[in-house]
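>>> return atomic coordinates for the entry below.
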Amino acid sequence: MKPEATMTDDKERFRFGPRDRRGLVAGARAGQLAVVALALAVSVVVLRALGGPARGPVALAVVLVAVGSVSWPINGRTIDEWVPVVVRFASGAIAGSRQDAVGVHRGGNTRRAPSLFGSFEVSEVATDSSGSIGVVRDRQLGTVTALLALGGESFSLLGEADRARRIDGWASVLASVAREAGSVHRLQWIERTVPDPGDALLAHLEEAVAASGGFDGTTFAAQRSYRELLATECSRALAHELYFALTVRGPRRPGAGDERVAATLETEIALLDERCRRAGLEVIGVLTTRGIASALRRGFDVVPAPKPAEWPWPVAVSSTWTSFRTDGLWHATFWIAEWPRHEVGSDFLVPLLVGAGDRRAVSVVMAPVPPLRAVRTAEHARTSGAADAELRRQHGFALTARVRREHEAVVQREHELAEGHGAYRFSAYVTVSAPSPGELDRACHRVEHASALAGLDLCRLYGTQAEAFCCTLPVGRGCE
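Below is the predicted model:
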């Protein structure tokens, strides 16, 4: 959903609402209530089992520890959220599923991707207009994703008026997708950096040399100096890639219902292409099967190969509590837990997208909400928020600034829906990559600093690094 916008000194400013933390009773989640209820039951057992004056303090200590554990988060999670994470990680380590490699089927003709990527398959679907387009199938969730490559000039270099037009165009694209009878399951944009070998600059130099008649005594030194500069700078240069992924529901088995999926994808991707062009975005085109395989492979290679890739997945993977490894690269994935709490300009993401200078991928996964459901949800949120505030007041709890800001965000959401803006649930992730654990730690610190400059609060997804890494792949995961 479009954040609240205001005009200050002829500059459009935006304010993001706080993360929705509403629960069942007075903001408490079901897991928190379960932990407190269990602590109360334990305290009753303690009161009956122990004798003497110590039983009262011990029972009270049990309740206080339980309340504190579900109220004070550790690294972004409370105890009721940590328990399932620890259990899944421990069970995976015991079962040996934290490490895997490519397998070859009997006969040696086909390869099996590592287990983490085993449910994904890069294939193509036939369409009436363009012949065929490449897709990524997710057999686990039953989805099919097509990929649109975008390009264009730097948004940060545009003037305020041009930025405002781009933002309005982008809002119209999102509003058109979140329609009542829409078939789009997820939208996802991915902006990432990959090592750039500098082939385009070298080719430009060769063309300039050829056009000038080759080497001569007066220009030889300048040409040699320019080549040395390219050799030095291209070794650490990064190229920016921007993709827009569109996911629809499909069959879990390839071949079943392909005609229906192809018709849906063809219609939706064509509409998305047209809307992006009308919004002023430069659309390179829909990726083919080879294009998707190459795009995926560039995210796993330490130095991406210049030629197109046929096999999109890494050879081996391993997962630890803090990171995820694919072949020669180490990755760490963060969740954007909070967006800026203060008013920001339209270029607030520039420190992260441009200024970090490290290899990373930023992904925002959006789930369109049909308008009628969005209106009902907003009305229910407003009613439940008022009820929670009244319950807090009756029991003597203060109405905090965060709770008031959440209520203001709900009211603003109702106004936006009335004005025709689209409603979305969204979640964002940042994956940082480096060729060694030490370099990964240093890169993570730099990316966290750049995110803080952008007003973002990053939370490292400990214990779920392998699953979180998939949220920055063009598969539409991460917004369940």
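>>> contacts only, for residue 76.
335, 337, 459-460 (C-beta atoms under 8 Å, 6 or more residues apart in numbering). All C-beta atoms are positioned from the backbone trio N, CA, C, and that covers glycine.
>>> could you identify the most distant pair in these?
337 and 460 (10.0 Å; C-beta to C-beta).
>>> same drill for these two, tell me which one is more crowded.
Between residue 337 and residue 460, counting by other C-beta atoms under 10 Å, residue 460 is the more crowded of the two (19 against 14).
>>> measure the more buried one to residue 74 for me?
In this view, residue 460 and residue 74 are 12 Å apart by C-beta to C-beta, to the nearest Å.
>>> now do residue 139
35 Å.
>>> give me the more crowded residue out of those two.
Between residue 139 and residue 74, counted using other C-beta under 10 Å, the more crowded position is residue 139 (15 against 11).
>>> so that one versus residue 113, what's the distance?
12 Å.
>>> ditto for residue 379
45 Å.
>>> domain parsing for this structure?
Following automatic domain parsing, one gets these domains for the chain: 4-20+136-195+240-472, 197-236.
>>> for these, state which one has the densest average packing.
domain 4-20+136-195+240-472 (a mean of 17; mean count of other C-beta atoms under 10 Å).
>>> check the offset of that domain from the chain's centre.
Relative to its chain's centre, domain 4-20+136-195+240-472 lies at 5 Å (C-alpha atoms, centre = their mean, to the nearest Å).
>>> tell me which helix or strand comes right after the helix ranked longest in the chain.
Counting residues, the longest helix found in the chain (DSSP state H) is helix 371-394. Downstream of helix 371-394, the next assigned helix or strand under DSSP states H and E is helix 401-418.
>>> now that following helix against helix 371-394, angle please.
160 degrees (axes from the mean of the first three to the mean of the last three C-alpha atoms, to 10 degrees).
>>> what is helix 401-418 packed up against?
helix 371-394 (3 or more C-beta pairs under 8 Å, 6 or more residues apart in numbering; DSSP states H and E).
>>> for the record, mean pLDDT for the helix it packs on?
Averaging pLDDT along helix 371-394 yields 74.
>>> likewise stretch 114-121?
88.
>>> just confirm residue 117 contacts residue 313, I think it does.
Yes: at 4.9 Å, residue 117 and residue 313 qualify as touching, with contact defined as C-beta atoms under 8 Å.
>>> enumerate every residue touching the residue nearest to residue 81 when sequence neighbours are not counted.
Excluding the flanking residues, the one nearest residue 81 by C-beta to C-beta, 6 or more residues apart in numbering is residue 31, at 6.8 Å. Counting by C-beta under 8 Å, 6+ apart, residue 31 touches 70, 78, 80-81.
>>> cool, and residue 156?
The neighbours of residue 156, taking C-beta under 8 Å, 6+ apart as the test, are 347, 350, 354.
>>> quick check: which ranges of the stretch 1-150 of the chain have low pLDDT?
Along the stretch 1-150 of the chain, the model assigns pLDDT under 70 to residues 1-11, 18, 20-28, 103-110, 130.
>>> quick one, helices of it?
Here the stretch 1-150 of the chain has its helices, by DSSP state H, counting those that start in this stretch, at 30-49, 55-71, 79-95.
>>> ok now the longest one, how far from the chain's centre?
This points to helix 30-49. 38 Å.
>>> stretch 119-136 too?
Put simply, stretch 119-136 sits 23 Å off its chain's centre (C-alpha atoms, centre = their mean).
>>> would you mind measuring the gap between the ends of that stretch?
End-to-end span of stretch 119-136 (C-alpha to C-alpha, to the nearest Å): 10 Å.
>>> run through who's touching that stretch.
Counting by C-beta under 8 Å, 6+ apart, 113, 137-141, 144-147, 254, 258, 261-263, 265-266, 269-270, 286-293, 296, 312-313, 473-475 sit against stretch 119-136.
>>> could you list which of those belong to strands?
Judged by DSSP state E, strands contain the following of those: 137-138, 144-147, 286.
>>> which stretches of the stretch 301-450 of the chain have low pLDDT?
Applying pLDDT under 70 to the stretch 301-450 of the chain picks out residues 398-399, 420.
>>> at 80 what do you get?
Applying pLDDT under 80 to the stretch 301-450 of the chain flags residues 306, 355-357, 371-422.
>>> just the helices in the stretch 251-400 of the chain please.
Remark: helices assigned in the stretch 251-400 of the chain by DSSP H, counting those that start in this stretch are 258-278, 289-298, 350-353, 371-394.
>>> dump those helices into JSON lines; add distance to residue 193 as well.
Below are the helices of the stretch 251-400 of the chain laid out as JSON lines (distance: least, C-beta to C-beta, whole Å):
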{"stretch": "helix 258-278", "distance to residue 193": "22"}
{"stretch": "helix 289-298", "distance to residue 193": "10"}
{"stretch": "helix 350-353", "distance to residue 193": "9"}
{"stretch": "helix 371-394", "distance to residue 193": "34"}
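>>> from the rest of the structure, what touches the helix or strand where residue 459 lies?
Using DSSP H and E, residue 459 maps to strand 457-460. Here strand 457-460 makes contact (C-beta under 8 Å, 6+ apart) with 75-76, 322, 332-338, 430, 444, 447-448, 451.
>>> and the helix or strand following that strand, what does it pack onto?
Using DSSP H and E, the helix or strand that follows strand 457-460 in sequence is helix 465-469. Where contact means 3+ C-beta pairs under 8 Å, 6+ apart, helix 465-469 is packed against strand 316-319, strand 324-326, strand 329-338, strand 423-434.
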